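Student: here is a sequence with its predicted model. Questions after.
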Amino acid sequence: MKDMLFRRMARGCFLLVTFLFLLPGCKQTDSWEEPVAEYFDKYTNTAAIEKHEISCGYEKDAGGTSCISSYGNKTVSFYLRNPRNYNLLTSFSTLEPGITVSQSTSDKSVIYVTYPESYLIANDCGGSIGGTISLQEEETLREFESYTFSLKCNTPPPSVKGPMVNAADSKYIVCFYMPTTELGSQRHSASSHKLFINNALVSEGSPSDLMAASVSRPPNLSALQGGSLFSATTPSGCTAFYYETGVNMQGEILSWSIRIEDGEGLSSKTMKASSDVRDVNLTLTGGEVFAQGDASQTFTASTDEGEVVDWSWVSSDESVVTVSGTNNGNSTSGSVNIVSGGTATVTVQAELSDGRILTRQKEVRVLGISFNETQRDFLKGQSDVSLSVDIPGFPDSQTYTWSSNNTSVASVNSSGGLSLNAKGKATITVSATYGGRTVSKTKEIVVHEVKINGASEVFTGSGNTLSLTAAVDSPSGASAPTGIGYEWSSSAPGKATVSNGTVTPVASGSTNVVLTATLNGKSVTVLKPVTVYSLSLAGNCLLSKTGGAKSITATITPTPASGTFTYSWSSASTNIATVSGSSTTGSVTPKIGGSSVITFSVKKGGSVIASATKTVYVIEIKGITGFLVGDSPRALSVVPATGPTYRWFSSNAEKASVYNTTGKITPKAAGDCNITCQVTMGSDSLDIVTAIKIANITFTGITNESAGITIAVGEKFVYSFAFPYDAFNGYIVEEESENSSIATADTTSNSSSWYLHIEGKAVGETDVSLVLRKNGISGSAKKTLHVNVIAAHTVAFSNLSTYLASLPSGADRDHPYKLNITELNASDVYNDGNSSTNLNNALKAAGRFIDLSATTLPSGLTLLQNAFAGNSYLVGAPSIPSGVTNMGGCFNGCSNLKIPPASIANTVTGMASCFWDCYRLETAPALPSSVELIGGCFGGCSSLTSAPVIPASVTSMVNIFKGCSSLSGTVTVNALITDSEKWKDSFNGCTSLTSVVVKSSNVRNAILAADGNSAVSSKIVVTP
């Protein structure tokens, strides 16, 4: 057995049901129209098909099997239980294209198998179309109990036509028409048939076999008395059959039954031929006038003679009435279903057993009434609105009446014309009477009211509009109708125009906004009065920051009634100006210079409906009001800088003049002066007076201010200066340098004095200025001093003391006076260690920190022992010239010495204690290759960070770096000193050293053996 699986996707919560049709030798087709989907509950363990039903009439064959005919499509319904995910397996005898499987859409518990007529015809004459159905669980393939049903397709044979009795040779001849064409059709040809007359088998087999029992038409065939002669003209598809009864005519009443039976035992209708042919009357009873909506009516029909084998009922117009009958032998009942208004003919037809057809008819009238308009919604005030009706079933001349149950909402006249009076609902009734029956129809209509929503006021001005909307006020429970068209207009377009509900003001005054609403071709007009106002602001737009508040007034035209509006004022920049007020007058208070937009707002119901703005300018005069005589012209600043127009005037041109348009002030003489700023903006004007002071600044210690000062690189001079401080109250003193890379400036002050600090940075010239400025205020008072920066001060030794005394104070050890002393003699510097030199004494006596790095010592010097010893003012040392042999103790005790000699001549052999206790010395000079004695050379130099290379010429290192606690890095020793006595305390306290590099192990051992060198005992490195 071959399974053919048809699957479709599951829908919803129902599980997939799949049909497997098993057909030997049949090919799977794609003709299924619907899926068998989503059945069988996954939460139960069993499933079954409980029953099936055949939805059409059927008969049982001789074996008791249900048989359906092949006329039309036939459907079999299968009822399922417990949906789950199963396959549905069916084993049918055949499967042809056109069979459809569908599923109930409500609960999906029924599967419908529909057999098409073509398939049934192909399987007619007893073909089995039933079988066995099994449910198979999809996951496990377990099969449940199968369901078997028997069903065949077998159409009962057709009956014979027009049976009657004639006579020939005084014997009865039974005549009828055999339906040979139909018996030979595909529907019946597969079966053998039998012909029974008076239940006796006359013939059997094919149609031609059945006709074998017929004799030829007797030439002397005649009709019986009162009867008709059997016509030799046969109906289409039939063959005349003549049966010799062999019964002599004796005048008695005889009859013969005639039927055809197929091979499965199904029989045609039994027809009769009688020797007694009588007239038969058919009567039909039932009503004639009904009303639409009446219940079904019963008609009856009956015959007074004969035997009726079939009744049929038909309506000439099933849109008016339909009819179906029930057969009761020679009588029948017809159920007439009232469908709708109109007229129709009900026909009943009786087929007698002898083939005669009797017909009776009855015209029925169904009275109906309906409204032609589907419209339910109307607008209050619509005109020319009427209702009309259709009255099928009534005569053309029929009249009818109208009424309304709520005339306050809508009334109706005798022609159906409506008056739409108010919002609400009303029921309109129309009635008509005919034949004693009155029919009525009601129609509920809903009357809506169109309104205009929105304010009634609008203000002129660019961009000002009023938005109105059309609104539909509907009765409770009713929705506003769709499809309403609106048109807007203004009764006074010179005051305001309207477009799509937007009112654009033109000029102050009043107008009516006209709204025309159209629904279903009928219009209504609604009016809304609107007042157009104009709004303007007046008042001086110029305010002085120090001048107090000013008023601004709003004017509304036409004047609104009291309480119509509320008002408010606001400022866009409250830091510049604030405004207060709740009437049409606002008070503007200035804060700082600038401009702010003042807005006056008109409100209604808390919402702003109009506003007007005015820009106000707060004028603030800023800048230094103190001037220095001789300053370049400068202007007071004015805020705002743009917008208004400014003109300037001086009250005393001898003290200060002012340029009319720019406001630049030129101070001329010390004293007071008033500067007036005249401000205009359009037609508004404002005068603001500012008092200024003109003063002088004088420096102490500068002989010629116009010539400036001279200062050396690295020096810092301090000058005191004075000015009338009250003239600059609230201002700060600042300093400026035109070129800070050449000279910088700084200021300090105490309770009574101001000081200017000038420091030389590089050789060149620049200007240094004192500036008086107030934070956030433009403008300043300025005093400028020219500064000439030189490399050093060149002075003859003979004039040294006087020159040093003339230099300004303020130099410190970080900014010493840099001197190039000329005209020095060797005797001024020479020292054998027994007395202080002239140069050293002069320097000490001056009491000024000195830098001699620019000074060249005279030639011819040999001894500089203790030449500068004990001079705490010496910051920079001169270079040591060639010829000097001994400079032991030369700078001993120079506690502020920071700049060592740039060079030491290679003639020097003795440098013992040369820099002893030079606490500030950080960098040691390079030692000459000639030096021998350097014991204690850098002893006590606690700031020294790097050591020079020790030449090979050195013979003793005692105390050379003793106490150099900051000394770091590496000390390289080229001297080959192996006597430990000459290494005593050489590195005492040098805890920061990284290493000491020596040339031999003997040197290393000597250092280790000497006293006081424990700080470097592990840091000595031998590098040959």
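Tutor: Thanks, I have the structure now. All values derive from a computational prediction rather than experimental measurement.
Student: low pLDDT regions in the stretch 201-350 of the chain?
Tutor: Low-confidence segments of the stretch 201-350 of the chain, defined by pLDDT under 70, are absent.
Student: please report how far the residue lying closest to residue 395 once chain neighbours are set aside lies from residue 344.
Tutor: Spatial nearest neighbour of residue 395, chain neighbours left out: residue 434 (6.9 Å); criterion: C-beta to C-beta, 6 or more residues apart in numbering. Heads up, the C-betas are built off the backbone N, CA and C, glycines and all. Residue 434 is 16 Å from residue 344, where distance means C-beta to C-beta, to the nearest Å.
Student: so what sits opposite the residue nearest to residue 395 in the bridge?
Tutor: On the basis of DSSP bridges, residue 434 is bridged to residue 437.
Student: quick check, it in contact with residue 394.
Tutor: Yes. The pair residue 434 / residue 394 is scored as a contact, 5.4 Å apart, by C-beta atoms under 8 Å.
Student: the more surrounded of the two?
Tutor: residue 394 (22 against 16; other C-beta atoms under 10 Å).
Student: residues in contact with that one?
Tutor: Counting by C-beta atoms under 8 Å, 6 or more residues apart in numbering, residue 394 touches 341, 367, 432, 434.
Student: ok, now residue 465?
Tutor: By C-beta under 8 Å, 6+ apart, residue 465 lies in contact with 458, 502, 503, 504, 505.
Student: any stretches of the stretch 1-150 of the chain with poor pLDDT?
Tutor: Confidence mapping of the stretch 1-150 of the chain against pLDDT under 70 gives the ranges 1-46, 82-88, 91-97, 103-108, 138.
Student: strands - which of the contacts of residue 394 land there?
Tutor: 367, 432, 434 (DSSP state E).
Student: what sits against the residue nearest to residue 991 when sequence neighbours are not counted?
Tutor: Excluding the flanking residues, the one nearest residue 991 by C-beta to C-beta, 6+ apart is residue 1015, at 5.0 Å. By C-beta under 8 Å, 6+ apart, residue 1015 lies in contact with 987, 988, 989, 990, 991, 993.
Student: and with 7 Å instead?
Tutor: Residue 1015 sits next to 987, 989, 990, 991 when contact means C-beta atoms under 7 Å, 6 or more residues apart in numbering.
Student: out of these, which end up buried?
Tutor: 987, 989, 990 (16 or more other C-beta atoms under 10 Å).
Student: give me the phi and psi for the first one.
Tutor: Phi and psi for residue 987, reported as degrees, to the nearest 10, are phi -120, psi 30.
Student: against residue 588, how distant is it?
Tutor: Distance from residue 987 to residue 588, by C-beta to C-beta: 84 Å.
Student: same check, this time on the second one
Tutor: With distances taken as C-beta to C-beta, residue 989 is found 80 Å from residue 588.
Student: sorry, back to before: would you convert the contacts of residue 394 into TSV that also reports distance to residue 707?
Tutor: Formatted as TSV, the contacts of residue 394 follow (distance: C-beta to C-beta, whole Å):
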residue	distance to residue 707
341	130
367	134
432	131
434	137
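Student: let's see if you can find the most crowded of the residues you listed.
Tutor: Of the contacts of residue 394, with other C-beta under 10 Å as the count, residue 367 tops at 25 neighbours.
Student: ok, it - contacts?
Tutor: By C-beta under 7 Å, 6+ apart, residue 367 lies in contact with 289, 290, 291, 292, 341, 393, 394, 434, 437, 439.
Student: cutoff 10 Å now
Tutor: Going by C-beta atoms under 10 Å, 6 or more residues apart in numbering, residue 367 touches 289-294, 338, 341-342, 391-394, 398, 432-435, 437-439.
Student: out of the contacts of residue 465, the closest to residue 479 would be?
Tutor: Taking C-beta to C-beta as the measure, residue 479 lies nearest residue 502 of those, at 26.5 Å.
Student: what's the burial count for the closest one?
Tutor: Around residue 502 there are 12 other residues, counting by other C-beta under 10 Å.
Student: could I get the pLDDT score of the closest residue in space to it that isn't next to it in sequence?
Tutor: Counting by C-beta to C-beta, 6+ apart, residue 502 lies nearest to residue 465, which is 5.2 Å off, once chain neighbours are set aside. Looking at residue 465, its pLDDT stands at 90.
Student: try residue 730
Tutor: pLDDT recorded at residue 730 is 66.
Student: the protein: helices as residue ranges?
Tutor: 117-122, 180-183, 207-211, 800-806, 826-829, 838-846, 1001-1009 (DSSP state H).
Student: got the buried residues for the last one?
Tutor: By neighbour count, with 16+ other C-beta under 10 Å as the criterion, the buried positions of helix 1001-1009 are 1003, 1004, 1005, 1006, 1007.
Student: what residues does it touch?
Tutor: Contacts for helix 1001-1009 (C-beta under 10 Å, 6+ apart): 957, 973-984, 986-987, 996-998, 1000, 1013-1014, 1016-1018, 1020-1022, 1024.
Student: look up how far residue 75 lies from residue 285.
Tutor: Residue 285 is 37 Å from residue 75, by C-beta to C-beta.
Student: neighbour count winner among those two?
Tutor: More neighbours surround residue 75 than the other of residue 285 and residue 75, with 15 against 11 (other C-beta under 10 Å).
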